[in-house]
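In: How does the following fold in three dimensions:
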Amino acid sequence: MPHEIRAVVAVKKGAPVEVRTIVVPDPGPGEVLVRVQACGVCHTDLHYREGAINDGFPFLLGHEAAGTVESVGEGVTDLAPGDYVVLAWRAPCGSCRSCRRGRPWYCFDSRNATQPMTLPDGTPLSPALGIGAFAEKTLVAAGQAVKVDPAARPEAAGLIGCGVMAGYGAAVNTGGVGRGDTVAVIGCGGVGNAAIAGACLNGARKVIAVDIDDRKLNQAERFGATHTVNSRGTDPVEAVRALTDGFGVDIAIDAVGRPETYRQAFYMRDHAGVLVQVGVPDPEMRIDLPLIDLFSRGGALKSSWYGDCLPSRDFPFLIDQYLYGLLDLTAFVSETISLDEVEAAFEKMHRGEVLRSVVVL
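Out: Numbering: from 1, shown residues only. Down below sits the predicted model:
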């Protein structure tokens, strides 16, 4: 029978979110019902609230979550009630042209639950990134629920589902950071610090954190940054070159997603270096670069989608790294809050006061 639960809903563009009663159906074929234990407050949720993703209001927000499987639908054989899972917003279909080519991390037909979650009057909700986890329970496709070690604390584990995976994957999966590489990361929020941590774990010999906020640069050192550059009063390109014998870095990661930071990342690379953009830009933004520089500097310009991850492979690995003490996920958690405090958490995030506020249920 349907479940009436509390959840955070964005009712209309730009308006404060509301905690509403919503209706979640029992799982149908290929679906699972998850009791949410923790969900991080991510910039993407704020983008949904602001109408910057699409206009599919009302939105059921939240997507960076961990919880326990409560029930499974017909045909689900690899999950069972009681399984501890992290939710993924990419669930490879296995049959699209990308999956068939052996590149499921680019799946073009990622799976979501087919039944809608609704308001009590039957109005369907649009779940953020196909998840909707600022809620006591949520309905997802079975492929979105990835089993991980239950020893991991949910407020830490859930962060693997979005921000940490995006940053770590930008460095390791997209950028290909390896032993002895030099790396610069522009923007030291949650995603940027995850990129720093990933670069360090994968053997980078020098990791340079770039930001305009000394507080964030101090945090970046906790995640392994060997050097920091405050670009508010310093040319970051010149500073990075000075720290790399005048050459520039092997991999430059833009975790901000603005034309000026993209340009900085482009020019702070060594010749034939890699630029990875993981920060999400505003749709109206444009970049202008001399074509001769694109040609003569060589290398690769890459966009990182969800850290180019394969959740079934990468989530358990990152949770293991956390449990082994190699990846400090708890350092990303600035505070734990209730569902009723999500709107206030958006304000703190907008002011740059937190890496992650995490809703704990």
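In: The residue located most distally from the centre of the chain sits in which helix or strand?
Out: Here the centre of the chain is the reference, and by Cα atoms, centre = their mean the most remote residue is Ile292, at 33.7 Å. If you go by DSSP states H and E, Ile292 is part of helix 291-297.
In: Which residues lie in contact with Pro27 in this structure?
Out: By Cβ atoms under 8 Å, 6 or more residues apart in numbering, the residues touching Pro27 are Leu33, Ser71, Val72, Gly73, Val76, Ala113, Gln115, Leu139. The C-beta positions use only the backbone N, C-alpha and C, and glycine is treated the same way.
In: In these, which residue is surrounded by the most others?
Out: Within those, Leu139 tops the neighbour count with 27 neighbours, counted by other Cβ atoms under 10 Å.
In: same for whichever helix or strand comes after the helix holding Ile292, what does it pack against?
Out: Going down the chain from helix 291-297, the next helix or strand is strand 300-303, by DSSP H and E. Applying 3 or more Cβ pairs under 8 Å, 6 or more residues apart in numbering; DSSP states H and E, we find strand 300-303 packed against strand 269-277.
In: what's in contact with the strand it packs on?
Out: Residues external to strand 269-277 that are found in contact with it (Cβ under 8 Å, 6+ apart): 170-171, 174-176, 182, 244, 247-254, 257, 262, 265-266, 297-304.
In: Now the residue lying closest to Glu136 once chain neighbours are set aside. Its backbone dihedrals?
Out: In space, and not counting its chain neighbours, Glu136 is closest to Ile5: 4.0 Å by Cβ to Cβ, 6 or more residues apart in numbering. Main-chain dihedrals, Ile5, degrees, to the nearest 10: phi -140, psi 170.
In: contacting residues for Ile5?
Out: Per Cβ under 8 Å, 6+ apart, neighbours of Ile5: Thr21, Ile22, Val24, Ala135, Glu136, Lys137.
In: Now rank the residues you listed by neighbours and give me the top one.
Out: Busiest of the contacts of Ile5 [other Cβ under 10 Å] is Ala135, holding 33 neighbours.
In: picking that back up, and of the contacts of Ile5, the nearest to Glu347?
Out: Ala135 (21.1 Å; Cβ to Cβ).
In: Now for the closest residue to that closest one other than its chain neighbours, how many residues are close by?
Out: Excluding the flanking residues, the one nearest Ala135 by Cβ to Cβ, 6+ apart is Ala7, at 3.5 Å. When neighbours are defined as other Cβ under 10 Å, Ala7 has 28 of them.
In: Same question for Asp149.
Out: Residues near Asp149, counting by other Cβ under 10 Å, number 12.
In: Not counting its neighbours along the chain, what's nearest it?
Out: Among residues not flanking Asp149 along the chain, Ile319 sits closest, at 5.4 Å (Cβ to Cβ, 6+ apart).
In: ok so the one you found is a strand residue?
Out: No: assignment of Ile319 by DSSP: H, G, I helix; E, B strand; the rest coil gives helix, placing it outside any strand.
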